[in-house]
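Asker: Give me the fold of what follows.
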Amino acid sequence: MAQSDFPYIIVGGGVAGAWAVTGIREFDRDGSILLLGKERFLPYDRPPLSKKLWFGQEKIEDIFVHNDLSYAQNGVELRLGVEVRGLDPLGKTISDSNGDTHGFEKLLIATGGVPRMLEIPGWDLPGICYYRYLDDYLRMRIDAVPGKSAVIVGGGFIGSELAAALNVNGVDVSMVFPEAYIAQRILPEDFGRAIMSHYVEKGVNVVENDIPTAFEIREGRFVTHTRTGRELRSDMLLVGAGITPNVDLASSAGIDTSNGIVVDEHLQASHPDVYAAGDNAFFPYTALAQRMRVEHWDNALSQGLCAGRNMAGAGQAYDHMPYFWSDLFEYGYEAVGDINSTLQTFPDWIEENRTGVIYYIKLGHVVGVMTCNIYGKMDAVREALSSGVQMTPQDLKSLFQEPRADRQAA
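Answerer: You can find the predicted model right below:
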């Protein structure tokens with residue numbers, strides 16, 4: 001068993017971990033960094049896996065956050081394909097799947113989340129893809145050719161994006177999900193149903209208000225059995241049922257966890273030398289005055305950068321309002337703040353259910369904004385919502401008087 005010591009150790013080879021390197025180097029040019037990632041790839045951006053890669057708008061080599069040379073030049077030792085299995089916060093050491101032990105002064109846990117598995121018969125059949133990783137894309141991309149068929153379980157972000165991507169690539173797609181319409185947790189009903197109708201027009205077989213009860217393989221194809229008695233046969237079976245925050249390393253070491261790893265405004269966990277950032281961080285969302293865990297790329301990037309800075313002594317509070325976006329056929333939306341369909345919503349359409357702005361309202365003031373087919377406005381919205389001044393839709397309307405119809409600067 002080898003022993004090595006580093007001023008900084010980053011556990012997690014995703015966006016948050018990669019940007020933590022940048023944050024550390026802004027304040028400490030010399031302290032050595034160890035970054036361990038369970039995947040075999042350099043840290044990469046995850047959104048293209050269900051978006052641009054499928055449409056030929058990006059190539060694999062475009063999605064990596066930094067290249068090998070950048071890590072080498074920044075004094076980062078990379079250990080990829082390695083899982084961290086133990087953390088001793090008092091002794092300030094971690095142990096990995098190679099049997100090595102590493103000491104640290106500051107540790108970042110940026111392990112993100114793991115796909116939520118379905119607890120039904122056949123959930124673990126060979127070939128079922130719980131879609132999340134670059135390896136998943138590489139495998140599905142080979143199979144996703146015209147004439148093939150796919151069943152996608154889930155009508156949220158991943159499920160709806162994958163359905164559009166596979167359909168555009170000539171795959172016969174069926175979606176099955178328990179909600180009444182696509183992306184029900186975030187979209188108001190009229191808008192969500194309009195998008196769902198568009199999916200049907202595109203040839204997607206949408207099975208709403210239903211859930212799979214069992215999977216099997218019959219004559220070399222998947223069969224998805226549903227609660228209402230359907231049998232959906234397909235060449236591919238993909239599940240996008242959300243993720244579970246990966247907190248095992250922290251919780252087994254006695255670090256506080258709840259809906260993620262509990263951190264303060266500096267992204268510091270209950271042990272002062274341990275930080276968390278990204279999909280597994282349960283943090284105080286300053287502008288919304290509540291604790292949240294946010295599963296979006298912009299949050300992972302911004303938190304990783306902030307955590308890295310603070311590991312190197314910056315003492316910076318995380319007060320960023322992360323935004324997210326999605327592309328569903330001809331619908332492209334961007335959003336920031338509290339985007340929850342259970343809130344009161346106020347749509348301001350230029351073209352109904354196609355182009356415009358949706359305001360999410362709590363206690364009479366706007367707490368979230370979504371734009372549909374209007375781009376480049378999130379910075380201005382973020383500034384307004386985080387100003388501390390309570391806003392109404394009318395107060396924000398002027399931000400959208402010259403709507404952009406492209407995502408050049410989003």
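
Asker: Just list the residues touching the nearest residue to Ala241 once chain neighbours are set aside, thanks.
Answerer: Distance criterion C-beta to C-beta, 6 or more residues apart in numbering; nearest residue to Ala241, sequence neighbours excluded, is Arg116 at 4.6 Å. Quick note: C-beta positions are derived from backbone N, CA and C, even for glycine. Arg116 is in contact with Tyr130, Ala241, Gly242, Ile243, Thr244, counting by C-beta atoms under 8 Å, 6 or more residues apart in numbering.

Asker: Which of the residues you listed fall within strands?
Answerer: Using DSSP state E, the members of the contacts of Arg116 that fall within strands are Tyr130, Ile243, Thr244.

Asker: so who does the closest residue to the first one other than its chain neighbours touch?
Answerer: Read that as Tyr130. In space, not counting the residues next to it along the chain, Tyr130 is nearest to Pro115; the distance is 3.8 Å by C-beta to C-beta, 6+ apart. Shown here is Pro115, whose contacts under the criterion C-beta under 8 Å, 6+ apart are Tyr130, Tyr131, Arg132, Val239, Ala241, Gly242, Ile243, Thr244.

Asker: re earlier: closest one of the contacts of Arg116 to Ala163?
Answerer: Within the contacts of Arg116, proximity to Ala163 (C-beta to C-beta) peaks at Ala241, which comes in at 14.1 Å.

Asker: is it true that the closest one touches Val153?
Answerer: Yes - with contacts counted by C-beta atoms under 8 Å, Ala241 reaches Val153, the gap being 6.4 Å.

Asker: Please identify which of these two sits among more neighbours.
Answerer: Each of Ala241 and Val153 had its neighbours counted (other C-beta atoms under 10 Å), and the higher figure belongs to Val153 (27 against 20).

Asker: what residues are up against the closest residue to the more buried one other than its chain neighbours?
Answerer: In space, and not counting its chain neighbours, Val153 is closest to Val239: 4.5 Å by C-beta to C-beta, 6+ apart. Val239 makes contact with Pro115, Met117, Leu118, Ile128, Cys129, Tyr130, Tyr131, Ile152, Val153, Gly154 under the criterion C-beta under 8 Å, 6+ apart.

Asker: Among those, which pair sits farthest apart?
Answerer: Greatest spatial distance in the contacts of Val239: Met117 and Ile152, 15.6 Å, computed using C-beta to C-beta.

Asker: Looking at these two now, which is surrounded by more residues?
Answerer: Ranked by neighbour count (other C-beta under 10 Å), Met117 and Ile152 place Ile152 first, with 28 against 13.

Asker: Am I right that the more buried one is in a strand?
Answerer: Yes - according to DSSP: H, G, I helix; E, B strand; the rest coil, the state of Ile152 is that of a strand.

Asker: That one reaches Glu161, doesn't it?
Answerer: No - the pair Ile152 / Glu161 is not scored as a contact, 9.7 Å apart, by C-beta under 8 Å.

Asker: ok, longest helix in this protein?
Answerer: Across the chain, the longest stretch assigned as helix under DSSP state H is helix 297-311.

Asker: Give me the contact list for that one.
Answerer: Residues external to helix 297-311 that are found in contact with it (C-beta under 8 Å, 6+ apart): 8, 14-27, 45-47, 106, 108, 110, 112, 266-268, 275-279, 281, 283, 316, 318, 320, 322-324.

Asker: circling back to that earlier point, quickly list what's touching both of Ala241 and Val153.
Answerer: Taking C-beta under 8 Å, 6+ apart as the contact rule, Ala241 and Val153 both touch Leu118.

Asker: Which parts of the stretch 251-400 of the chain are strands?
Answerer: Under the criterion DSSP state E, counting those that start in this stretch, strands of the stretch 251-400 of the chain are mapped to 257-258, 260-262, 274-276, 281-285, 290-292, 323-328, 331-337, 344-351, 355-362, 365-372.

Asker: The ones you listed into TSV, with extra columns for mean pLDDT and mean neighbour count?
Answerer: What follows is the strands of the stretch 251-400 of the chain, written out as TSV (pLDDT from 0 to 100; neighbours: other C-beta atoms under 10 Å):
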stretch	mean pLDDT	mean neighbour count
strand 257-258	96	16
strand 260-262	98	25
strand 274-276	98	29
strand 281-285	98	22
strand 290-292	95	13
strand 323-328	94	21
strand 331-337	95	22
strand 344-351	96	14
strand 355-362	97	20
strand 365-372	97	24
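
Asker: so which of those strands gets nearest Val176?
Answerer: Ranking the strands of the stretch 251-400 of the chain by distance to Val176, with C-beta to C-beta as the measure, places strand 323-328 first at 17.0 Å.

Asker: Now do that closest one against strand 331-337, angle only.
Answerer: Here strand 323-328 runs at an angle of 160 degrees relative to strand 331-337 (axes from the mean of the first three to the mean of the last three C-alpha atoms, to 10 degrees).

Asker: and strand 323-328, how far from the chain's centre?
Answerer: Taking C-alpha atoms, centre = their mean, to the nearest Å, one finds the center of strand 323-328 at 11 Å from the center of the full chain.

Asker: and what of stretch 113-133?
Answerer: Between the mean C-alpha position of stretch 113-133 and that of its chain there is a distance of 17 Å (C-alpha atoms, centre = their mean).

Asker: how about that stretch: buried residues?
Answerer: By neighbour count with 16 or more other C-beta atoms under 10 Å, stretch 113-133 contains the buried residues Gly113, Val114, Pro115, Leu118, Gly122, Ile128, Cys129, Tyr130, Tyr131, Arg132, Tyr133.

Asker: Likewise for stretch 382-391?
Answerer: Applying a neighbour-count criterion of 16+ other C-beta under 10 Å, the buried positions in stretch 382-391 are Arg382, Ala384, Leu385, Ser386, Met391.

Asker: The last one: what's it in contact with?
Answerer: Just to be clear, that refers to Met391. If a contact means C-beta under 8 Å, 6+ apart, then Met391 has His365, Val366, Ala384, Leu385 as its contacts.

Asker: and Asp135, what is it in contact with?
Answerer: For Asp135, the contact set (C-beta under 8 Å, 6+ apart) comprises Glu39, Arg40.

Asker: Next, it: secondary structure please.
Answerer: Under the three-state scheme (three-state DSSP), the conformation of Asp135 reads as helix.
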